[in-house]
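A.B. asks: any chance you could fold what I've pasted below:
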Amino acid sequence: MEFKTKTRHGRLSMKGGPLYFGKKSERWAIKLYSKAEEIKTKTGALPEQLQNIGIESWAQNKLRIELRLHSKELVKLDIINAMHVLPEHAATLFNDYLAKINVTDQIKLPTETANNLPNRLK
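C.D. replies: Sure, this is the predicted structure:
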């Protein structure tokens, strides 16, 4: 995904797990990460009563996507208080920002990598 996606923020940044679009933006950011990997960490660990009941296996193929709207973007959207954001409005906002991610099915390989491919793949 790191090489196949971009937004107006440019390509995503990835450092040690989560993928970010607009990590340093003052307006909005999207964070993606593996739910299974998150619950293996100390900070994301499941409470003891929820361990070993199947949640770990369920989370194996789940991708968590967080939309973060910062103050400048909230002002632009005229969102003053969270209580004014109804569930259907939140879903629309989420989908609107998620749609800003462009995904391509082609990857540009670095020249060195392309040159080292077997002839049948070139």
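A.B. asks: okay, now the unreliable bits of this protein?
C.D. replies: Residues of the chain that meet the criterion pLDDT under 70 lie in 1-16, 103-108, 121-122.
A.B. asks: element containing Ser57, please.
C.D. replies: According to DSSP states H and E, Ser57 maps onto helix 55-58.
A.B. asks: over to Ala36?
C.D. replies: helix 35-38.
A.B. asks: which other helices and strands does that helix contact?
C.D. replies: Applying 3 or more Cβ pairs under 8 Å, 6 or more residues apart in numbering; DSSP states H and E, we find helix 35-38 packed against strand 63-69. Glycine gets a C-beta too; all of them are placed from N, C-alpha and C.
A.B. asks: may I see the buried residues of the helix or strand just after the strand it packs on?
C.D. replies: Scanning forward in sequence from strand 63-69 by DSSP H and E, the next helix or strand is helix 71-76. Neighbour-count burial for helix 71-76 flags Glu73, Leu74 (criterion: 16 or more other Cβ atoms under 10 Å).
A.B. asks: which residues touch the helix or strand just after helix 71-76?
C.D. replies: Heading C-terminal from helix 71-76, the first helix or strand you meet, by DSSP H and E, is helix 87-98. If you take Cβ atoms under 8 Å, 6 or more residues apart in numbering as the criterion, helix 87-98 is touched by Trp28, Ile30, Ile65, Leu67, Leu69, Leu77, Val85.
A.B. asks: how far does the host helix or strand of the second one sit from its chain's centre?
C.D. replies: Going back to what we said before, that points to Ile30. Assigned by DSSP H and E, Ile30 belongs to strand 28-34. Relative to its chain's centre, strand 28-34 lies at 3 Å (Cα atoms, centre = their mean, to the nearest Å).
A.B. asks: in its sheet, which strands sit next to that strand, and in what direction?
C.D. replies: Paired with strand 28-34 in the same sheet, following DSSP bridges, are strand 19-21 (antiparallel), strand 63-69 (antiparallel).
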